[in-house]
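Novice: can't give you the sequence, but here's the structure:
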């Protein structure tokens, strides 16, 4: 009883810490939203004058090498490559890197594209672990497709092999299951044309494709998913990808460009040493390393996030897979911040060092810890007040005013943020055209606060602790539903086809991903 | 609207808009000047790439390509005389895209004398596009320079020239330490008729493993009707 009384008396100031923290984090997110809103207005004004048709027909357009690492993607690889090889762009190649698949991915590609092996010289511009065993080109049909078969070495290693074999000055890194809009390359290469001296990398918006109608490897109709877990992630993606990254891009402090769709200058990637082996979030790590390299060599640079929706990917629809994904993301961002900790708060690295990285430490790494503590505090109030009502221990009830403030700052504020994000999306891009979808999105924004956020906080805490304790990462195999093609105009997602791949999909602000279960990974 | 009207009298107005602080306005002005096609726009368009604020060199190049034939002389003069490397680089690029054979001597001089790698690269690329065999010597010499990007472009340009005189220079770079230069040299030899083909066959059977590898790759790609060269 005394202990309860003592705690009740001395924890009076604690809620203010939570209130202050959640007010700060949500206010900073709201400021990012305001910056994003400015960018969307500018984008709406600019988009009419971009002249993508001129770019498409111009001999001056910089050629692009699209790198598609694949591991055990037999079921959907042919359709995915075919869609990728038919984008609207004047000169580009698709380099598919089969990272030692065991399910017949190469055989499917060989049959789909009539592949023939060529005696390809493989440069060693960036280091690789798994040896390139063979290189193939299509004898007929897809003239711009090259397939590389290599010994399994992980996603970063597969990308490094692709970087070595890429012919063109711009590298576009995509996942084997990314679905790109036909004009995606035209959109994300535009900043390179506008500011060729300073733009070093661009990233496009990645959205959840669950529930969408997919025809011939293209999203032809945007719809909300049919289950709540993906629906909540749709809302999350809007807030994190579209709003968060657009805001950071406006500040010149973009830290994450998703591996599901990012464009990089090849010469700088080679200079930086390629993708880092043994890093869970290799895509985000590359971006931070490029920031660091360019700042340390006093080279002005810009990393631009393109707000136009361009890439679609499937998000997890089971709690187990989602948990695994979020632990990895959090672990990845923690490891990156640890690896590049000398940049944090260092004015040499400009807004990245002074603003973005401290923000990520305070509001990405610490946030789940504070959030869980906040929930524990609310639980404590509930317990104390319940006991006070019984009158058995003679303790006084705790004033719940502060607890309501806490809920308002953590729930109410974030709900407001989500609704503003959705309104911005609706105003700028209008991808979800059905009123029913918008109603579902609002409901998902509310439902997010009941269970989803608490679980996510727990998974993220575990991810950070795993990074700090350097435990062996878990690369569980998951079953994904895949995209179902609509056979006719009326058909929507029908029977999901089963597909085994390892981990998942692009996501939230900390977006480090590693999609391939590898020998290298299992050794870590 | 001014561009769509295609009236020459709008050129001065659009020229002033090249200095507008809004990038969208500058972009539309550039495009409109290209559509009108008056050679009078060549000089202000070129100067705008080094202006404050600068215009997009890609947008300007695309517009300059569309201008009337008289613009070629203006471009060649600016390529020779401008003190701005950006302007000279864009002028060289556009001369190549316009296939301006008369400007080949100017481009050769730029390739040989410029201190700017970017100007040299654009001049080399332009010479390849124009296809004037007088450029063989300058491009062959460029193969021996230190800038890897220049060597890569020069190798490709020599293939585009289609001049058998380039065979020995290209054969010497089949084992170039830079992969892209060697690939482009092999690819260029594929385009040089029987002489290039026999050189590749010989190299593919030779003792120099690196040269043999690049030769085999180029021959295989040629057999498949594909190219392997790097941009």
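Specialist: Done, it's in. These numbers come from a predicted model, not from an experiment. Numbers count the residues shown, from 1 in each chain, chains lettered A, B, ... in the order given.
Novice: ok now do residue 84, which residues does it touch?
Specialist: No chain specified, so I'll use chain A. Contacts here follow C-beta atoms under 8 Å, 6 or more residues apart in numbering or on different chains; on that basis residue A:84 touches A:66, A:68, A:94, A:174, A:180, A:217. Glycine gets a C-beta too; all of them are placed from N, C-alpha and C.
Novice: my question was about chain B
Specialist: With C-beta under 8 Å, 6+ apart, residue B:84 has these contacts: B:49, B:50.
Novice: So which residues make contact with the strand or helix carrying residue B:212?
Specialist: Using DSSP states H and E, residue B:212 falls within helix B:209-223. With contact meaning C-beta under 8 Å, 6+ apart, helix B:209-223 is reached by A:118-121, A:137, B:174-175, B:182-183, B:185-187, B:189-190, B:197, B:200-201, B:203-206, B:227-228.
Novice: could you redo the last one with a cut-off of 6 Å?
Specialist: Residues from elsewhere that reach helix B:209-223 (C-beta atoms under 6 Å, 6 or more residues apart in numbering or on different chains): A:118-121, B:174-175, B:182, B:186-187, B:190, B:200, B:203-204, B:206, B:228.
Novice: count of neighbours near residue A:27?
Specialist: For residue A:27, the neighbour count with other C-beta atoms under 10 Å in any protein chain shown is 13.
Novice: Then residue A:165?
Specialist: Per other C-beta under 10 Å, the neighbour tally for residue A:165 reads 23.
Novice: neighbour-wise, which of the contacts of residue A:84 leads?
Specialist: residue A:66 (30 neighbours).
Novice: Would you verify that it is located in a strand?
Specialist: Yes - counting by DSSP: H, G, I helix; E, B strand; the rest coil, residue A:66 is part of a strand.
Novice: pLDDT score assigned to residue B:34?
Specialist: pLDDT recorded at residue B:34 is 92.
Novice: again but with residue A:311, I slipped
Specialist: pLDDT, residue A:311: 87.
Novice: so when I look at it, I'm seeing a strand, right?
Specialist: Yes - with three-state DSSP as the criterion, residue A:311 is part of a strand.
Novice: list the contacts for the nearest residue to it once chain neighbours are set aside?
Specialist: Computed as C-beta to C-beta, 6 or more residues apart in numbering or on different chains, the closest residue to residue A:311 that is not its neighbour in sequence is residue A:261, at 3.7 Å. Residue A:261 makes contacts with A:174, A:178, A:204, A:206, A:311, as judged by C-beta under 6 Å, 6+ apart.
Novice: Now do the phi/psi pair for residue A:261.
Specialist: For residue A:261, the backbone dihedrals (degrees, to the nearest 10) come out as phi -170, psi 100.
Novice: One more: residue A:265?
Specialist: phi -80, psi 120.
Novice: So what sits opposite it in the bridge?
Specialist: Bridge pairing for residue A:265 (DSSP bridges) gives the partners residue A:170.
Novice: quick one: it and residue A:199 touch, right?
Specialist: No - counting by C-beta atoms under 6 Å, residue A:199 is not a contact partner of residue A:265; they are 8.1 Å apart.
Novice: ok, and the closest non-adjacent residue to residue 118?
Specialist: In the absence of a named chain, this looks at chain A. The shortest distance from residue A:118 to any non-neighbouring residue, by C-beta to C-beta, 6+ apart, is to residue B:220 (4.6 Å).
Novice: not what I meant, chain B
Specialist: residue B:89 (4.8 Å).
Novice: Pull the number of nearby residues for that neighbour.
Specialist: By other C-beta under 10 Å, the residues close to residue B:89 number 26.
Novice: how close does it sit to chain A?
Specialist: For residue B:89, the distance to chain A (C-beta to the nearest C-beta, to the nearest Å) stands at 11 Å.
Novice: quick one: what helix or strand has that residue in it?
Specialist: Assigned by DSSP H and E, residue B:89 falls within helix B:85-97.
Novice: Give the buried residues for that helix.
Specialist: B:85-97 (16 or more other C-beta atoms under 10 Å in any protein chain shown).
Novice: now do stretch B:65-72
Specialist: B:65, B:67, B:71, B:72.
Novice: continuing past the helix or strand harbouring residue A:214, what's the next helix or strand?
Specialist: Element membership for residue A:214, per DSSP H and E: strand A:213-215. As assigned by DSSP H and E, the chain's next helix or strand after strand A:213-215 is strand A:218-221.
Novice: of the contacts of residue A:84, closest to residue A:334?
Specialist: Ranked by distance to residue A:334 (C-beta to C-beta), these are led by residue A:174 at 25.6 Å.
Novice: burial measure for residue A:15, as a count.
Specialist: Other residues close to residue A:15 by other C-beta under 10 Å number 23.
Novice: Where does the residue in chain B sticking out farthest from the centre sit: helix, strand or coil?
Specialist: The outermost residue of chain B, judged against the average C-alpha position, is residue B:207 (34.6 Å), by C-alpha atoms, centre = their mean. Per three-state DSSP, the local secondary structure of residue B:207 is coil.
Novice: how long is stretch A:447-455 from one end to the other?
Specialist: Using C-alpha to C-alpha, to the nearest Å, the end-to-end distance of stretch A:447-455 comes to 13 Å.
Novice: one step back: counting by contacts, list what the helix holding residue B:89 packs against.
Specialist: On a contact count with 3 or more C-beta pairs under 6 Å, 6 or more residues apart in numbering or on different chains; DSSP states H and E, helix B:85-97 meets helix B:57-66, helix B:71-81, helix B:117-130.
Novice: can you put these in TSV and add distance to residue A:241?
Specialist: Shown next, in TSV, are the helices and strands packed on helix B:85-97 (distance: least, C-beta to C-beta, whole Å):
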stretch	distance to residue A:241
helix B:57-66	28
helix B:71-81	44
helix B:117-130	35
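Novice: would JSON lines of these with mean pLDDT be doable?
Specialist: As requested, the helices and strands packed on helix B:85-97 are exported to JSON lines (pLDDT from 0 to 100):
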{"stretch": "helix B:57-66", "mean pLDDT": "91"}
{"stretch": "helix B:71-81", "mean pLDDT": "93"}
{"stretch": "helix B:117-130", "mean pLDDT": "95"}
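Novice: tell me the most buried of those helices?
Specialist: Greatest average neighbour count among these goes to helix B:117-130 (a mean of 26), per mean count of other C-beta atoms under 10 Å in any protein chain shown.
Novice: Tell me the buried residues in the helix or strand just after that one?
Specialist: Using DSSP H and E, the helix or strand that follows helix B:117-130 in sequence is helix B:136-142. Buried positions in helix B:136-142, judged by neighbour count with 16+ other C-beta under 10 Å: B:136, B:138, B:139, B:140, B:142.
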